[in-house]
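Trainee: Here is a sequence together with a model predicted from it:
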Amino acid sequence: MTARHAAHFPAADPACIDPGECLLLPVSRGTLLFAVEGHVRVVEPPRWVAEQMVAMSHHLDAGQPHQVDAEGWVQVLALDDAPARVAWLMPAAPTSALAAGLQALWRAALARLARVGRIGGPTALR
């Protein structure tokens with residue numbers, strides 16, 4: 001299997017992947033990948049699940065999109081004997097420091113609510 005770095009392709013121009021070739025893409029959380037033609041397998045960046053590193057894998061047919069859940073390096077492999085074409089769209093960056101601060105505050109509030117729900121919080125005493 002041959003691997004190519006995505007720096008050779010602009011994100012707006014779909015990359016052609018030959019059979020047996022792997023395209024490596026540095027992505028942010030929320031990046032959208034589109035299988036323009038052909039069949040591809042997308043291997044997301046590994047993440048911790050129950051004390052084990054797991055890399056999620058998804059098969060995309062022509063016309064199917066996939067949103068990446070984690071930041072890191074994604075592998076895109078052509079599955080059939082024919083070449084495949086893939087396009088990707090990076091998520092928009094926060095437009096200001098205020099927007100970035102509000103997003104961080106929102107993520108912290110959601111994380112706190114998730115922890116309270118797991119521990120049992122005040123509703124467990126009733």
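Mentor: Received it, and whenever you're ready, just let me know what you need. Remember, predicted model here, so these are calculated numbers, not experimental data.
Trainee: which helices and strands does the helix or strand harbouring residue 77 pack with?
Mentor: Taking DSSP states H and E as the criterion, residue 77 maps to strand 72-78. Helices and strands touching strand 72-78, as assessed by 3 or more C-beta pairs under 8 Å, 6 or more residues apart in numbering; DSSP states H and E, comprise strand 15-17, strand 21-27, strand 40-43. (Glycine included, C-beta is placed from N, CA and C.)
Trainee: With distance to residue 82 and mean neighbour count as extra columns, can I get those in CSV?
Mentor: Compiled in CSV, these are given as follows (distance: least, C-beta to C-beta, whole Å; neighbours: other C-beta atoms under 10 Å):
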stretch, distance to residue 82, mean neighbour count
strand 15-17, 10, 19
strand 21-27, 12, 18
strand 40-43, 11, 20
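Trainee: need those in a markdown table with mean pLDDT and distance to residue 77, can you?
Mentor: Listed next are these as a markdown table, based on pLDDT from 0 to 100; distance: least, C-beta to C-beta, whole Å:
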| stretch | mean pLDDT | distance to residue 77 |
| --- | --- | --- |
| strand 15-17 | 86 | 7 |
| strand 21-27 | 89 | 5 |
| strand 40-43 | 92 | 5 |
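Trainee: Note down every partner strand of the strand holding residue 77 and its orientation.
Mentor: Using DSSP bridges, the strands paired with strand 72-78 in its sheet are strand 21-27 (antiparallel), strand 40-43 (antiparallel).
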